[in-house]
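Colleague: Quick one, structure for this:
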Amino acid sequence: MSNTLSTSKRRYLSAAAGVAVALAGVAALVPSASADTSVAKPRVDTFELVGKQTSAGEVDLGEAGVSVGDQRVVHEDLYRDGEKVGDHSAICTFTQVTPAALQCVGTFALPEGQFTAQSLLHLPAPDSVDVGITGGSGDYSTARGFIRTVPAGETERHFTVRLQR
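Modeller: The predicted structure is shown next:
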């Protein structure tokens, strides 16, 4: 019986490998979208924002002290070229205490619309963090890309937004 099972397993793996090779061959024959000049390339905007913290707090859930599920909440005014242009709020939830890891979700509200971003942050945080843009509304309804965030003191952050839409 084990010999039959072994033969059957070999046939299955051989068939699976054959399908994989066939699919790879078909994929090689299909022209890629990048070769098609009629496909519109997404618009990419890069701009700088400065976030100045206006409020922050910590939510201690469960066990006293830092524990899984505790949250850090931050709100910032956003500035471009010294002029206030919007707001940014973020909530980071501890998913692990040692070493510390937080799942962070934030929303950037600008006159043209809003876009959201999220990341998994490990502490101590590096000098800069790239945060993935996950969606948006208004002019940002098809938003993708990332935001590089760099701390500039205790209550200020510099954001380089690379927005694809």
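
Colleague: Any idea how far stretch 67-82 is from the middle of the chain?
Modeller: 16 Å (CA atoms, centre = their mean, to the nearest Å).

Colleague: secondary structure element for the residue nearest the centre of the chain?
Modeller: Centrality entry for the chain: nearest residue to the mean C-alpha point is Gly132, 2.4 Å, by CA atoms, centre = their mean. When elements are assigned from DSSP states H and E, Gly132 belongs to strand 129-136.

Colleague: Now do the buried residues in that strand.
Modeller: By neighbour count with 16 or more other CB atoms under 10 Å, strand 129-136 contains the buried residues Val129, Val131, Ile133, Gly136. For every residue, glycine as well, the C-beta is placed using N, CA and C.

Colleague: With stretch 120-127 instead?
Modeller: Within stretch 120-127, the residues scored as buried using 16+ other CB under 10 Å are Leu121.

Colleague: With stretch 61-77 instead?
Modeller: By 16+ other CB under 10 Å, the buried positions in stretch 61-77 come out as Asp70, Gln71, Arg72, Val74, Glu76.
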